[in-house]
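In: show me how the following folds:
(one chain, ligands or ions: 2)
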Amino acid sequence: MTQIQIELENIEKLQTHNKKPVLIAGPCSAESREQVLDCATQLSAQGIGIFRAGVWKPRTRPSCFGGVGEPALKWLKEVKEKTGMAVTTEVAHARHVEAALEAGIDILWIGARTTTSPFAVQEIADSLRNIDIPVLVKNPINAELDLWLGAFERLAGAGVKRLAAIHRGFSSYGERIYRYAPHWQIPVELRRRIPGLPVLCDPSHIAGRSDLVGLVAQMALDMKSDGLFIEVHPNPEKALSDKAQQLTPAEFKQLTESLVCHKDPDDEDLAVLQPYREQIEAIDRKLTATLAERLEAARLTGDLKRLRNLTVLQPGHYRSLIDEMIAEGCKYGLDEEFVRSIFEIIHAESIHNQLEAYNKKREPEA
Ligand code: PEP
Ligand code: MN
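Out: Numbering: from 1, shown residues only. Ligands and ions are numbered 1, 2, ... in the order given. Model prediction:
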């Protein structure tokens, strides 16, 4: 895949190098003037500088509260005037952008459902040409890195310079602890693909339950998150949306006071890590050589299968390979799912190589 190059400037208020992570907090939805001002006043008293509140809410089911809409923008304006906080809200299309800019919203965010839609993201990007405002882009609701990258490319292509990402978890079907699975490797890969991009975490939507928000927030900081985007409501039980995951201002205070922040490694830290890193690198080199050897052996097996007119896939053999390797991994205390997924990938690559060899032999002679 190609490495995307985006000129990114740090968002002034999101600049977190060796500083505390940026904190953005506020209710899921702006519900009333009183609720918004009450929440903002309490958060401002805790030293929080950026207030979030959804004005237009993208609800999965139409029967759910869809937000107050434009009238709520003036409450956010009042928050700015009364507390001095910067305010941010979600925009999903050009008319939202226009109304938000007119109301003096400081930072825009693009929601998870919108990031999945290239048309919507392009429309937002086009509406922001020649306008200098920070934009936070939530990950798409499905676990697809390219859609997330594509949103940054569209915005950067329209000249939006102050960009940051918000990791809010990914939709998955079935039983789960979290409301949205974190899949930490996706924001990690996003950071690798867009160096310098600030990546924040929204533990509220990942957790889906207020008692888990702190745990996820700490995990995010352990994963080098640049900041946290957290839902706080003066009275979560009465919230019109996402009531199970919103914290009270007091719970939020407790959470922020208990978070362990990490520092960037200094020369001494790097020196301590160095020998272990060298050891890991040597092991990784050996692993790579062993993988090449393994694939070569599979290639030879493939030639034999073809000569003997056998199918590439031998399901019985595949099943016993996985079972045996899980048992082998067990001896070393390796996680079963880890071993399974590694050997699924290795086997898939072997089969893919064998299939290619079968097909080459079938190609007509030139
Ligand atoms: C939100 O932050 O309130 C929201 C709707 O988020 P998401 O787009 O992540 O669901
Ligand atoms: Mn919400």
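In: what ranges does the chain have for its strands?
Out: Applying DSSP state E to the chain gives strands spanning 22-26, 50-52, 86-90, 107-110, 135-138, 163-167, 199-201, 227-231.
In: residue contacts, Val312?
Out: Going by Cβ atoms under 8 Å, 6 or more residues apart in numbering, Val312 touches 302, 305, 351, 354-355, 358. Every residue, glycine included, has its C-beta placed from N, CA and C.
In: among those residues, which one sits closest to Gly169?
Out: Comparing the contacts of Val312 against Gly169 with Cβ to Cβ picks out Ile351 as the nearest, at 32.2 Å.
In: Ile326 versus that closest one, what's the distance?
Out: For Ile351, the distance to Ile326 equals 19 Å [Cβ to Cβ, to the nearest Å].
In: by mean pLDDT, which helix or strand of the chain comes out lowest?
Out: Lowest mean confidence among the helices and strands of the chain (mean pLDDT, DSSP states H and E): helix 336-362, at a mean of 92.
In: what's the local residue count around Pro140?
Out: Neighbourhood size, Pro140 [other Cβ atoms under 10 Å]: 26.
In: burial count for the residue in the chain positioned nearest to ligand 2?
Out: At 3.3 Å from ligand 2, Cys28 is the closest residue in the chain, using Cβ to the ion. A count of neighbours around Cys28, defined by other Cβ under 10 Å, yields 24.
In: now it: closest residue in space that isn't a chain neighbour?
Out: Excluding the flanking residues, the one nearest Cys28 by Cβ to Cβ, 6 or more residues apart in numbering is Asp242, at 4.1 Å.
In: list the contacts for that neighbour?
Out: By Cβ under 8 Å, 6+ apart, the neighbours of Asp242 are 28-29, 204-205, 231.
In: can you get me a residue count around Gln218?
Out: With other Cβ under 10 Å as criterion, Gln218 counts 18.
In: my guess is it contacts Val260. True?
Out: Yes. With contact defined as Cβ atoms under 8 Å, Gln218 reaches Val260; the gap is 6.6 Å.
In: shaky segments in the stretch 101-250 of the chain?
Out: Low-confidence segments of the stretch 101-250 of the chain, defined by pLDDT under 70: 175.
In: near ligand 1, which residues of it show up?
Out: Proximity of the stretch 101-250 of the chain to ligand 1, by Cβ under 6 Å from any ligand atom, involves residues 111-113, 138, 168, 205.
In: redo these as JSON lines? Include neighbour count and distance to ligand 2.
Out: Listed next are these as JSON lines, based on neighbours: other Cβ atoms under 10 Å; distance: Cβ to the ion, whole Å:
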{"residue": "Gly111", "neighbour count": "23", "distance to ligand 2": "9"}
{"residue": "Ala112", "neighbour count": "23", "distance to ligand 2": "10"}
{"residue": "Arg113", "neighbour count": "17", "distance to ligand 2": "12"}
{"residue": "Lys138", "neighbour count": "24", "distance to ligand 2": "11"}
{"residue": "Arg168", "neighbour count": "24", "distance to ligand 2": "9"}
{"residue": "His205", "neighbour count": "27", "distance to ligand 2": "6"}
